[in-house]
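Undergrad: sequence below, structure please.
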Amino acid sequence: MSQFPPERIRNLSIIAHIDHGKSTLADRLLQMTGTVPPESSPQFLDKLKVEKERGITVKAQTVSIIHTHTDGHKYLINLIDTPGHVDFSYEVSRSLGACEGALLLVDCSQGIQAQTLSVFHHALEADLSMLAVINKVDLPHAYPDETSEEIASSLGLEKDRHLRISAKSGLGVDTVLGSIIEGLPSPSPYEGGEDGKLRGLIFDTFYDQFRGVVSLVRIFSGSLKKGDKVRFLQADRKYEILEVGLNNPDEVPVERLTDGQVGYIVCNMKDSGEAFIGDTICWADKVVDPLPGFQPMKAMVYAGVFPMDSGDFPKLEESIERLTLNDRSVSVQRESSAALSQGFRLGFLGTLHMDVFRQRLEDEYSSEVIVTAPTVPYKVVFTNGTEQFISNPVEFPEPGDPKARVAHVEEPMINATIFVPNEYIGSMMDLCARYRGIQLEYRILENSERAVLRYTLPLSEIVTEFFSELKSQSSGFASFDYEEAGYEQSPLVKMNILINGKPVDALSMIVHKYAAQAIGKAWVKKLKEVVPRQQFELSIQAAIGAKVIARENVSAFRKDVTAGLYGGHYDRKLKHLNKQKEGKKKLKKLAGNIEIPQSAYYKVLSWSVGV
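TA: Okay, the predicted model is just below:
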C-alpha cells in the first residue's frame, strides 16, 4: 500500500436523510471504479438480512476504492456508507471520526429534510469538508434549482460546488469521483505524530466465529503490519497482529496499513469484552497518549428482552454479547422477571433501533425473544431532595405509598423538528397537540412549499405510534428529527396488570395519569384474546395502586356434569351444578397465580411494540 501516500488518499462518508439515495450512490461509485461488477445486486453494501428486507441502512459499511484520476495517478478512496434514520445516528458520528470529508446527499424531489440538518451538524462538529450532491435530478417532479438555493441559504454550502446527479441511472456520477479527488482534503499529518509512532483509532468491531474480534481502524500516524505487537490502551491488553487488510469490497489482506489509511485488523482477540469502539491502538513498546474517542450515546428507550424458552438464557446472553460488539450504542443490564424468568434490560436509541436489534438476534443468532413494552428513563424526585432514574416499571413507586416519599416525577422531553408540505401543516399541528406537544416555532421556508415546525414533546409519546401517524397523516411526505430537551414534571403513575388478582411484573408500565384508563382498557382487551381459558372464570384487570381502572373476564370451560343423569329431576341436576360451582371456587383458590404460557406473553408484547 506504499503506492498511496497520504496526499493520494481520501477518507469520506456519504451522509443524508433516509431514502435520499446514499446506498445507490455507493453502488454506482463501486461499479464505475470496477470495485464490483455492473450486474452486482442493488444496495451492495447493505449486508444484513434486516437491511435487505426493510430497504434501509442500519449499519455503516466501509469499502476501499482504487480510482485512476485524470492526472494519471491512482487514488485510494475509503468510503463509508452511513444510515439515514435518527435511531442510528451513533453509526454516523463514529464514521465521521475516521474521515476528513463527506458527501451530503439531498433528494431534489424532497429538498432538505429533518435528518439532513442533523447529519450536516454532525459533519460540522467533526470539522469535515463537505460537498453537496443533489440527487434524483431525472425525476419528473425534481426541483434541482430550488434545492440548490435551499442548500446554499440553509446550510451555507456554495452553489458553484453543488453536484447534480442521478445515482440510479448513473447520470453525472463520474463528476462525483473527480470532485472527491479535487474538492475534499487528503489526511493531514496528525499533530504530535512526527515521532512516527503508531496511533490508530478503532471505529468499529464485529465478531467472526473463526478469527474472533475483527476491528476496523483508521491509522493517524505510523504503520501497522502482520507480526506487530500492539497495545489497546482502553482495554490495556497486548496482542500480536495476525492480519491487516482493506475491504475492497470483500476483505483483502495487505502487507501493511500506513498513515491516513482505513482497514481491518485481526489479532486473535477472543473476548468481545476487550474490544472498545473509540479505543486507541499503538505499538506495545511505544505507548502514546489516547486519541480523542467517541462520546458514548445515551439510551433513549428501554425494554426487557427474555428468551422464548427460559432454558435458552445462556445462548441469549452469548448472542447479545456478540451483537453488542457490533452495536455499541446498546446498553445491557441483567434482569429477572417472575413471569418471564431471566433476561436483560436493554437500552436503545429509539424503537426502530430496538426492533432492528430484535430482528438481528433472530436472523444472525437464531435467538427467539420476548420484548417487553418500551419505556423511557423517568426521574423520581424524593422529599429529601434525592433523585433516582428509573427505566424499569417494576422499580417505579406505587401510587400513594407513604414509604416511597415521592415529591414528584419528571419525564424526559425532546425538541422535535418536522419538515412538512404546506397542505399538511394543520394535520401535523393536530397530531403534535394530541401527543402533548408544545409549539416552539412555525416557519414557511423561502422559495418552497414546505414549512418547518418545532415542538417540545414528551419522549414517552414518540416511542408509541407517533412516527407512523406522522407518516400516514402526511402521505409519507413529513420528516422528523429530535434532540434531548431535559426533564419536566408530569403526572405519571404506575399501572399494573393483574391476572386472577395477581400482578404480572412483565406487563407493568408507567403511563400519564389522564391516559391511564384508555391504555388500561386496550391492554386488558388484548390480553383477553391471548390468555388461555381455565376451568374457572379468569379476571384480567388494569389497576393503579388499589384502584381497578379496567377489567375483562375470560370465561371458564364448562363441563356438562348433568349429561349422565336420566330423567328430568330438577333437584338432582341442581345438586350436581352446585357441586361443580363449589369445586371451581376451590380450584380457583388453589390455583392462585396461574401460569400463563410464554406464547401468550409473546403475542401481547409483540402487539405492544408493533412487531
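Undergrad: got any ranges where this protein has weak pLDDT?
TA: Counting by pLDDT under 70, the ranges of the chain that qualify are 1-2, 42, 557-598, 601-602, 605-611.
Undergrad: pick out the residue nearest the middle of it.
TA: Geometric centre of the chain, nearest residue: residue 353, 2.2 Å, by CA atoms, centre = their mean.
Undergrad: doesn't residue 86 make contact with it?
TA: No: the pair residue 353 / residue 86 is not scored as a contact, 9.3 Å apart, by CB atoms under 8 Å. In this view, the C-beta of every residue, glycine as well, is placed from N, C-alpha and C.
Undergrad: in this structure, which spans are helices?
TA: Ranges of helices in the chain, per DSSP state H, are 22-32, 49-54, 89-96, 114-125, 144-155, 173-183, 313-326, 351-365, 425-434, 459-462, 466-473, 516-530, 570-591, 598-609.
Undergrad: about what we covered before: once you drop chain neighbours, what's closest to the residue nearest to the centre of the chain?
TA: Among residues not flanking residue 353 along the chain, residue 87 sits closest, at 3.9 Å (CB to CB, 6 or more residues apart in numbering).
Undergrad: do you know how far that neighbour is from residue 480?
TA: Distance, residue 87 to residue 480, by CB to CB, to the nearest Å: 11 Å.
Undergrad: which residues are common contacts for these two?
TA: Here residue 87 and residue 480 share no contacting residue, scored by CB atoms under 8 Å, 6 or more residues apart in numbering.
Undergrad: any idea how many residues pack against residue 70?
TA: 9 (other CB atoms under 10 Å).
Undergrad: just residue 297 next, same as before
TA: Residue 297: 17 surrounding residues under other CB under 10 Å.
Undergrad: how near is the nearest residue to residue 358 once chain neighbours are set aside to residue 488?
TA: Closest residue in space to residue 358, ignoring its immediate chain neighbours: residue 371 at 5.5 Å, by CB to CB, 6+ apart. Noted for residue 371: a distance of 28 Å to residue 488, by CB to CB.
Undergrad: of these two, give the one with the bigger neighbour count.
TA: The residue with more neighbours, out of residue 371 and residue 488, is residue 371; 22 against 13, by other CB under 10 Å.
Undergrad: check the gap between that one and residue 549 for me.
TA: Using CB to CB, residue 371 is found at 25 Å from residue 549.
Undergrad: how does the protein divide into domains?
TA: Using automatic domain parsing, the domain ranges for the chain come out as 6-183, 193-283, 301-371, 378-489, 493-609.
Undergrad: so for residue 293, which of those sits nearest?
TA: Comparison of these against residue 293 by CB to CB identifies domain 193-283 as nearest, at 3.0 Å.
Undergrad: kindly check the end-to-end length of the closest one for me.
TA: Taking CA to CA, to the nearest Å, domain 193-283 runs 13 Å from one end to the other.
Undergrad: nearest to residue 238, of the helices of the chain?
TA: helix 313-326 (19.7 Å).
Undergrad: what is the closest one packed up against?
TA: Secondary-structure packing of helix 313-326 (3 or more CB pairs under 8 Å, 6 or more residues apart in numbering; DSSP states H and E): strand 199-208, strand 301-307, strand 341-348, helix 351-365.
Undergrad: Throw the ones you listed into CSV and include distance to residue 517, thanks.
TA: Supplementary listing: these in CSV, determined by distance: least, CB to CB, whole Å:
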stretch, distance to residue 517
strand 199-208, 47
strand 301-307, 24
strand 341-348, 27
helix 351-365, 24
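Undergrad: of those, flag the one that's most buried.
TA: Stretch with highest mean neighbour count among these: strand 301-307 (a mean of 24; mean count of other CB atoms under 10 Å).
Undergrad: the residue nearest to residue 358 touches residue 304, doesn't it?
TA: Yes: contact criterion CB under 8 Å: residue 371 and residue 304 qualify, at 7.2 Å.
Undergrad: just the strands in the stretch 351-500 of the chain please.
TA: Secondary structure of the stretch 351-500 of the chain, counting by DSSP state E, counting those that start in this stretch: strands at 369-371, 378-382, 387-390, 406-421, 438-444, 450-458, 479-489, 492-499.
Undergrad: could you do the stretch 1-150 of the chain as well?
TA: 9-16, 61-68, 74-81, 101-107, 129-135.
Undergrad: out of these, which is closest to residue 457?
TA: strand 9-16 (24.5 Å).
Undergrad: residue 175 - nearest residue in space that isn't next to it in sequence?
TA: Closest residue to residue 175 apart from its sequence neighbours, by CB to CB, 6+ apart: residue 163 at 5.6 Å.
Undergrad: and the one you found, how many neighbours does it have?
TA: Neighbours of residue 163 (other CB under 10 Å): 19.
Undergrad: and what of the one 5 residues further on?
TA: Burial of residue 168 is recorded as 17 neighbouring residues (other CB under 10 Å).
Undergrad: repeat that for residue 174.
TA: By other CB under 10 Å, neighbour count at residue 174 equals 13.
Undergrad: isn't it right up against residue 32?
TA: Yes: contact status for residue 174 versus residue 32: in contact at 6.6 Å, counting by CB under 8 Å.
Undergrad: these two touch, right, residue 524 and residue 497?
TA: Yes: because the distance of 7.3 Å satisfies CB under 8 Å, residue 524 is recorded as touching residue 497.
Undergrad: any common contacting residues for the two?
TA: Residues touching both residue 524 and residue 497 (CB under 8 Å, 6+ apart) are 540, 541, 542.
Undergrad: could the strands of the stretch 351-500 of the chain be laid out in a markdown table, adding distance to residue 346?
TA: Shown next, in a markdown table, are the strands of the stretch 351-500 of the chain (distance: least, CB to CB, whole Å):
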| stretch | distance to residue 346 |
| --- | --- |
| strand 369-371 | 9 |
| strand 378-382 | 17 |
| strand 387-390 | 16 |
| strand 406-421 | 17 |
| strand 438-444 | 30 |
| strand 450-458 | 21 |
| strand 479-489 | 19 |
| strand 492-499 | 21 |
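Undergrad: nearest to residue 215, of those?
TA: When the strands of the stretch 351-500 of the chain are compared by CB to CB, strand 369-371 sits nearest residue 215, at 27.5 Å.
Undergrad: what lines up beside the closest one in the sheet?
TA: Strand 369-371 pairs in its sheet with strand 301-307 (antiparallel), by DSSP bridges.
Undergrad: contact partners of the partner strand?
TA: Residues outside strand 301-307 that contact it (CB under 8 Å, 6+ apart): 313, 315-316, 320, 335, 337, 340-351, 353-354, 358, 361, 367-377, 391-392, 463, 506, 609.
Undergrad: rerun at 6 Å
TA: Residues from elsewhere that reach strand 301-307 (CB atoms under 6 Å, 6 or more residues apart in numbering): 313, 316, 335, 340, 343-348, 350-351, 354, 369-372, 374-375, 391, 463.
Undergrad: what do you get for stretch 313-320?
TA: Here stretch 313-320 has contacts from 307, 342, 361, 365, 367, using CB under 6 Å, 6+ apart.
Undergrad: any idea how far the first one is from residue 495?
TA: Spelled out, that is residue 307. 26 Å.
Undergrad: how about the third one?
TA: From residue 361 across to residue 495, the span is 28 Å (CB to CB).
Undergrad: what of residue 278?
TA: Distance, residue 278 to residue 495, by CB to CB: 39 Å.
Undergrad: who has more neighbours, those two?
TA: Remark: of residue 278 and residue 495, residue 495 carries more neighbours, 26 against 18, as counted by other CB under 10 Å.
Undergrad: check contacts around the more buried one.
TA: Going by CB under 6 Å, 6+ apart, residue 495 touches 509, 511, 516, 520, 542, 544.
Undergrad: can you lay out those as a markdown table showing distance to residue 117 and neighbour count?
TA: Listed next are those as a markdown table, based on distance: CB to CB, whole Å; neighbours: other CB atoms under 10 Å:
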| residue | distance to residue 117 | neighbour count |
| --- | --- | --- |
| 509 | 33 | 22 |
| 511 | 32 | 21 |
| 516 | 36 | 23 |
| 520 | 39 | 23 |
| 542 | 41 | 27 |
| 544 | 41 | 19 |
